[in-house]
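In: Next input, structure requested:
(4 chains)
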There are 2 protein chains.
Amino acid sequence: MPSPGLRERKKQKTRDTIIRVALDLFAEKGYEHTTIAEIAEAAEISPRTIFAYFPSKEDIVFYDLPVVHEVLAQALRDRPEGATTLDVLREIIVCSLAPDPTHQQRRCIISSDETLQRSKRARFAPLEELMVGAIAQDLGAGPGDIRPQVVAAALVAAFTAVSDPTTEPPEPYTEAQALAVIDDVLRFLRGGLEALRNG
Amino acid sequence: MPSPGLRERKKQKTRDTIIRVALDLFAEKGYEHTTIAEIAEAAEISPRTIFAYFPSKEDIVFYDLPVVHEVLAQALRDRPEGATTLDVLREIIVCSLAPDPTHQQRRCIISSDETLQRSKRARFAPLEELMVGAIAQDLGAGPGDIRPQVVAAALVAAFTAVSDPTTEPPEPYTEAQALAVIDDVLRFLRGGLEALRNG
DNA sequence: GAGCAAACTTGCAGAGCGTGCATTTATAGC
DNA sequence: GCTATAAATGCACGCTCTGCAAGTTTGCTC
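Out: Predicted coordinates:
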């Protein structure tokens, strides 16, 4: 691929700056008490420009969601013949466990703001939809079959529980713990599906 | 209980009027394209007064959610000795299948607005939390156990799928169909839980 | 009833998010 | 350098929602 060019690089840099200063401000003063004007000032750009990069204030927090969506869609689309959706998901979850300070910071920001918690939930829906489609394919499910929705919802719930530990203190799962949990969930889902087949 | 008194009755009437005219306007022109000012005018009250009855425009749409929450909480709290959370839920779902024109109208309103769809999802979270607690109790689950979250998520997904049919045309489930679906889901969940025990 | 306290309604001013549009500024390619 | 394109900005505006300080209605007491 060709070198991105100055224009493109500058744009990326501006975007990164917005994310960086916004998350820092959110962490410092809270999401609600940070205004677009303050973010703009900290990023040394005009308030109006922020909306050229992000459709809304919330979208700054969920800055990587479009990429995640794309990665998941591609992984599900290109999965090898024998691999089920559950296998693909397991792989992706394992990869996502790598510790990342920015993600840690964001978790903290989201967990201390009602609006963001609700928003997060809502923003998972498109990902869940991707899974529903892939699982339906796996199961050969017809339009009236709700198994895919149920399985996908269970998967998302498990992922959420693992990635946002609610225990006190909220220490992140070790990879081994997370894997154990995920494999339990997969066992749970396979067991449930089998019960339906034998029902 | 004593007769509510004029003041209380008048308040209830105002509240009902707001809901009525708001839903009609939403259905007619769309949620986004209906302003608080228009609702106020149709209800013959001041715009400021609307916010004395509902914390936000969205809350008008989800006007009955506090009651639903309360009913669910109480049903779970007061369930008889032998009844599991799943039994209680089954009962509530069956009752909720009764056709209601206002609910039908609301479904239509929500389904044609992105914001409301996301909001709906988010607003289910507290109900799901209630179930998580009750299920954890059923299972004797400790704090690190994610089975309650997974089971509750699956239940909510099933309920959502049954109450908002995505099939085209979206004809509501008959009670028999809905019951069949729900019993499938319960079988699925029990099967999954058993698989974990034997794992 | 008259009067009083509490509850409800309203108007006003303002903060904050987000959008449309026209203008200015920076970059890319020739 | 010059021009076409893209990005940044400024400005005005509509909308939701809040705080506050009135005004108005209701319920209660004497």
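
In: Leaving out the residues flanking it, which one is nearest to residue A:92?
Out: Distances taken as CB to CB, 6 or more residues apart in numbering or on different chains put residue A:75 closest to residue A:92, at 6.1 Å, once the chain neighbours are dropped. For every residue, glycine as well, the C-beta is placed using N, CA and C.

In: now residue A:179
Out: Distances taken as CB to CB, 6+ apart put residue A:94 closest to residue A:179, at 6.8 Å, once the chain neighbours are dropped.

In: what helix or strand does that neighbour sit in?
Out: Residue A:94 belongs to helix A:85-96 when elements are defined using DSSP states H and E.

In: Can you name the residues of chain A that neighbour DNA strand D?
Out: Contacts of chain A with DNA strand D, taken as CB under 7 Å from any atom of the strand, map to A:7, A:10-11, A:14, A:45-46, A:48-49, A:52-53.

In: List buried members of the residues you listed by neighbour count.
Out: Buried residues within these, defined by neighbour count using 16 or more other CB atoms under 10 Å in any protein chain shown: A:14, A:45, A:53.

In: Now name the helix or strand holding the first one.
Out: Residue A:14 is part of helix A:5-29 when elements are defined by DSSP H and E.

In: any idea of the mean pLDDT for that helix?
Out: Helix A:5-29 shows a mean pLDDT of 94.

In: which residue ranges form the strands in chain A?
Out: Here chain A has no strands by DSSP state E.

In: Low-confidence bits of it, can you list those?
Out: Across chain A, the ranges flagged by pLDDT under 70 are A:1-4, A:167-172.

In: hmm, back to that, any buried residues in the helix holding residue A:14, and which?
Out: Buried residues in helix A:5-29 (16+ other CB under 10 Å): A:14-15, A:17-19, A:21-23, A:25-26.

In: Next: stretch A:104-113.
Out: Of the residues in stretch A:104-113, A:106-107, A:109-110, A:113 count as buried by neighbour count, 16+ other CB under 10 Å.

In: What's the separation between the residue nearest to residue A:92 and DNA strand C?
Out: 30 Å (CB to the nearest atom of the strand, to the nearest Å).

In: tally of neighbours for that residue?
Out: Neighbours of residue A:75 under the rule other CB atoms under 10 Å in any protein chain shown: 18.

In: That one: what's it in contact with?
Out: For residue A:75, the contacting residues are A:88, A:91-92, taking CB atoms under 8 Å, 6 or more residues apart in numbering or on different chains as the criterion.

In: quick one: which of those is most hemmed in?
Out: Neighbour counts for those were taken using other CB under 10 Å; the highest belongs to residue A:88, with 19 neighbours.

In: Do I have it right that residue A:123 meets residue A:63?
Out: No. Between residue A:123 and residue A:63 there is no contact, the gap being 11.5 Å when judged by CB atoms under 8 Å.

In: Could you list the residues of chain A in contact with DNA strand C?
Out: Applying CB under 7 Å from any atom of the strand, we find that chain A lies next to DNA strand C at A:5-8, A:10, A:34-37, A:48, A:51, A:55-58.

In: closest to residue A:187 among those residues?
Out: The shortest gap between residue A:187 and any of the residues of chain A next to DNA strand C belongs to residue A:58, at 35.8 Å (CB to CB).

In: For the closest one, which residues are in contact?
Out: Taking CB under 8 Å, 6+ apart as the definition, contacts of residue A:58 comprise A:115-116, A:119.

In: now it: how far from DNA strand D?
Out: 14 Å.

In: for residue A:156, same thing?
Out: Residue A:156 sits 27 Å away from DNA strand D when distances are taken as CB to the nearest atom of the strand.

In: in terms of contact, does that residue touch residue A:128 like I think?
Out: Yes. Checked against CB under 8 Å, the pair residue A:156 and residue A:128 is within contact range at 5.2 Å.

In: Now distance to residue A:177 too, for the buried residues of helix A:5-29, in JSON lines please.
Out: Formatted as JSON lines, the entries for the buried residues of helix A:5-29 read as follows, by distance: CB to CB, whole Å:
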{"residue": "A:14", "distance to residue A:177": "39"}
{"residue": "A:15", "distance to residue A:177": "34"}
{"residue": "A:17", "distance to residue A:177": "36"}
{"residue": "A:18", "distance to residue A:177": "35"}
{"residue": "A:19", "distance to residue A:177": "30"}
{"residue": "A:21", "distance to residue A:177": "34"}
{"residue": "A:22", "distance to residue A:177": "32"}
{"residue": "A:23", "distance to residue A:177": "27"}
{"residue": "A:25", "distance to residue A:177": "33"}
{"residue": "A:26", "distance to residue A:177": "29"}
